[in-house]
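# Just need the structure, nothing else, for what follows:
(one chain, ligands or ions: 1)
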Amino acid sequence: MIQQQPWRLIALQLNSQPDVATNLAAIAQLLGQLPDNSDQRPQLVVLPEGALCFAGGEDANLQLQEPLGLQDETAQPVQFQLSALAKKFGIYLLVGTFPTTTSDPKRFAASSLLFSPQGELIADYQKIHLFDALISDGTGQYLESARTMPGKKITLAELGADQELKLGMAVCYDMRFPGLFQALARRGMNVLALPSAFTTVTGDAHWHTLLRARAIETQSFVIAPAQTGRHQNGRETYGHSLIIDPWGRILADAGTAPGLIYADIDLMQASELRERMPLLHHNRFLSEFL
Ligand SMILES: O=C(O)CNC(=O)[C@H](CS)NC(=O)CCC(=O)C(=O)O
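All right, here's what the predicted structure looks like:
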């Protein structure tokens, strides 16, 4: 008998503000509304990009940045508070993203941080692809690279009693670069997290299509929590946090209001699909053309 691996994936959709305390309170309030879990599924809760500080002007994230880790509560106060939330609610908590310090005093790393239900920091990923683009919306020119240093490593975290949930960590604009997801799929990913803050213009045109494609081509579940609505600096984000299965079916769509969505999933769905249609083994391009 093959073991069933029931998990609950939960995405928080936020309208984050520049102020950390306000955002932490909104997050804690939503965590207080987690759906009943009397069958004791392990739960993975994912927060959007910029969850702790959003639209606060050029240097707000630089002021907020902390050295990565949980060594010193005075130097890493926000990471300690996030760790405490994971522990309090007994959840895996993926925070996408939080600014962590780099070798360059003028640039932080957009770090996704994964906390265990015991409150340990068990994985981190720094956003690789930075959003420097001219978009026909109220903001116009986005220049993420001015304040952000791109990451250099691929991160796959293993969660659960049997390390059965293989979590690929990526962020927002990364989703447009499928090579990253081929690499994660090769490492055994079965759930892909893409915390985001998409613009309304690009979201309307590309969001659902790109995310469903990432699920279908990697034969993985996708969880993509999003920022939504109008933010303090006038910037608008698209919302529509999604949870998608490996066949590309949308299991939950948050629409445009802040809140939470969830889906109960069976990881066997991904492995069974891979047996019937072994895309990774059929990929002649990766094996013969690169
Ligand atoms: O700036 C912050 O505080 C948080 N980071 C973001 O909002 C980032 C960089 S500006 N947004 C995106 O990557 C949107 C990508 C996008 O919309 C697309 O690919 O179409």
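# Burial check on Ala197, number of neighbours?
27 (other C-beta atoms under 10 Å). C-beta coordinates here come from the backbone N, C-alpha and C atoms, glycine included.
# What are the phi and psi values at it?
The phi/psi pair for Ala197 (degrees, to the nearest 10) reads phi -150, psi 70.
# Tell me if I'm right that it and Ala51 touch.
No - applying C-beta atoms under 8 Å, one finds Ala197 not in contact with Ala51, separated by 9.1 Å.
# wait, what's in contact with Arg187?
Applying C-beta atoms under 8 Å, 6 or more residues apart in numbering, one finds that Arg187 lies in contact with 154, 156, 166, 168.
# Of the residues you listed, which is the most crowded?
Neighbour tally across these (other C-beta under 10 Å): the maximum, 26 neighbours, falls on Gly168.
# which other helices and strands contact the host helix or strand of that residue?
Here Gly168 sits within strand 165-169, counting by DSSP states H and E. On a contact count with 3 or more C-beta pairs under 8 Å, 6 or more residues apart in numbering; DSSP states H and E, strand 165-169 meets strand 92-100, strand 109-115, strand 121-126, strand 155-159, helix 179-186, strand 191-193.
# rerun that using 10 Å as the cut-off
Where contact means 3 or more C-beta pairs under 10 Å, 6 or more residues apart in numbering; DSSP states H and E, strand 165-169 is packed against strand 43-47, strand 92-100, strand 109-115, strand 121-126, strand 155-159, helix 179-186, strand 191-193, strand 221-224.
# Contacts (any at all) between the ligand and the longest one?
By that I understand strand 92-100. No - shown here: strand 92-100 not in contact with the ligand (C-beta under 6 Å from any ligand atom), separated by at least 6.8 Å.
# Okay, now the unreliable bits of the stretch 51-200 of the chain?
Residues of the stretch 51-200 of the chain meeting the criterion pLDDT under 70: none.
# can you list the residues of the stretch 1-150 of the chain near the ligand?
49-50, 54, 131, 142, 144.
# residue in the chain nearest to the ligand?
In the chain, the residue found nearest to the ligand is Thr202; the distance is 3.0 Å by C-beta to the nearest ligand atom.
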